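Visitor: Model the following, please.
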Amino acid sequence: MTPPASAPLAGRRIRAAVIGTGAIARGSHLPALDRLAAEGETEVVAAVDIDGAAVEAFCAEGGIPHAYTDLERMLAEQRPDLVTICTPPTLHREQSVAALRAGAWVWCEKPPVPTLADYDAVQAEEGADGGPYASIVFQHRFGSGAEHVRRLLAEQAMGRPLVAHCQTTWYRDTAYYAVPWRGRWRTEGGGPAMGHGIHQMDLLLELLGPWSEVRAMAGRLVHDVETEDVSTALVRFENGAMATIVNSVLSPDEVSRIRIDCERATVELTHLYGHSNDNWRITPAPDVPGDRAAAWQDFGPDVPSSHLAQLRALVASMRAGERPRSSGADGRTSLELVTALYKSAFTDATVERGEIGPGDPFYTALHGGAPGWAPAAVPLGTEEVPA
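Guide: Numbering: from 1, shown residues only. You can find the predicted model right below:
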């Protein structure tokens, strides 16, 4: 029997490598890794980027000993325990598979991969009985606020959840979409439903549980893009709750919001790119006793949602040799909802959870080849790749 992956990690730091040295690596991944390094949990041993100058500068600034432009070489020479992937979505499948085959756990930025087919291919490379596993960065699930509300809803302390609203209404101008790979299916993977709203949708699913069916619309109202720039959806959950979802990059007054009306209280989260206890509000029904309402309002010590909060949980899972949250079936659920949203919008039909699988055109492309949405054929040799 193969020993659990946790055994080699006992009593030592977890060796981590960062793939891609852009803004998300500098602003979120490396600070989280450095914080855990200061606590004796991790050490960053290498970074990889196709831009040699960029990775050298990243390593020099971060005190990272080894810079590479070749992922396979880094994996062979450094044998990291954990690889964090901070590259464009079209590279995630290949890089995740390479890391898993080298025995490294994976922590991959959202969107996880462009399609359900890609996600299943990555999951097929995971280890059994202790890893390595591939998990997705869905940091909004983590932190004291989300944990407290998830527990209240799971226990039905506020009664059954009935009505919900999930909103990611942001603003992106024409200069944002002037970057060649943005707004294109092949290089960005999808529009605001995939690249922006997936965080709030993932948190909604974390709080309400499995969805059962979705009916959606999508449009290109402003931007000259292949993907959508706005979408709306109606979602029914297995527990009977019904939700509306709005994803937009057309909204000057930017906000991220989740509201859940239960039988005995309304829970609301209002923020933009991250939340703390102060961003949550619970409004009890008029007849709820004061002591019970006060207990609902007690979120405990404030732990903001963050890459750090999720990384702490991931490292704990690695040391225990257990599948982490936001991996496997748990990590797939929001990508499946996004895929179903696109299928519903582009086919004008209600889509049920579980119906999109091998043989369905939306399983291998989020546009599903739908007329008016599928990209035009690109002549060989003229493709553009993400910078």
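
Visitor: Which helix or which strand is home to Ala46?
Guide: strand 42-48 (DSSP states H and E).

Visitor: And for Met318?
Guide: Per DSSP H and E: helix 307-320 holds Met318.

Visitor: circling back: which residues touch the strand holding Ala46?
Guide: 13-21, 25, 30, 33-34, 36-37, 55, 58-59, 62, 64-71, 74, 78, 80, 82, 315 (C-beta atoms under 8 Å, 6 or more residues apart in numbering). Just so you know, the C-beta spots here come from the backbone N, C-alpha and C atoms, and that holds for glycine as well.

Visitor: C-terminal to that strand, what's the next element?
Guide: Defined by DSSP H and E, the subsequent element after strand 42-48 is helix 52-62.

Visitor: Report the mean per-residue pLDDT for that following helix.
Guide: In this model, helix 52-62 has an average pLDDT of 98.

Visitor: Ok, stretch 374-387 next?
Guide: On average, stretch 374-387 scores 57.

Visitor: Which positions within the helix holding Met318 qualify as buried?
Guide: 307-312, 314-315, 317-319 (16 or more other C-beta atoms under 10 Å).

Visitor: May I see the buried residues of the following helix or strand past that helix?
Guide: Following helix 307-320 in sequence order, the next helix or strand is helix 328-347 (DSSP H and E). Of the residues in helix 328-347, 328, 330-346 count as buried by neighbour count, 16+ other C-beta under 10 Å.

Visitor: Check which helices and strands the helix or strand that contains Arg215 sits against.
Guide: For Arg215, the element it lies in under DSSP H and E is strand 211-219. On a contact count with 3 or more C-beta pairs under 8 Å, 6 or more residues apart in numbering; DSSP states H and E, strand 211-219 meets strand 230-237, helix 328-347, strand 351-352.

Visitor: in that strand, what counts as buried?
Guide: 211, 213-216, 218.

Visitor: a markdown table for those residues, including distance to Leu91?
Guide: Listed next are these as a markdown table, based on distance: C-beta to C-beta, whole Å:
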| residue | distance to Leu91 |
| --- | --- |
| Trp211 | 29 |
| Glu213 | 33 |
| Val214 | 28 |
| Arg215 | 33 |
| Ala216 | 28 |
| Ala218 | 25 |
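
Visitor: Turn those into CSV, including pLDDT.
Guide: Shown next, in CSV, are those (pLDDT from 0 to 100):
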residue, pLDDT
Trp211, 98
Glu213, 98
Val214, 98
Arg215, 98
Ala216, 98
Ala218, 98
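
Visitor: which residues of the stretch 151-300 of the chain fall in strands?
Guide: 161-171, 211-219, 230-237, 242-248, 250-262, 265-271, 280-284 (DSSP state E, counting those that start in this stretch).
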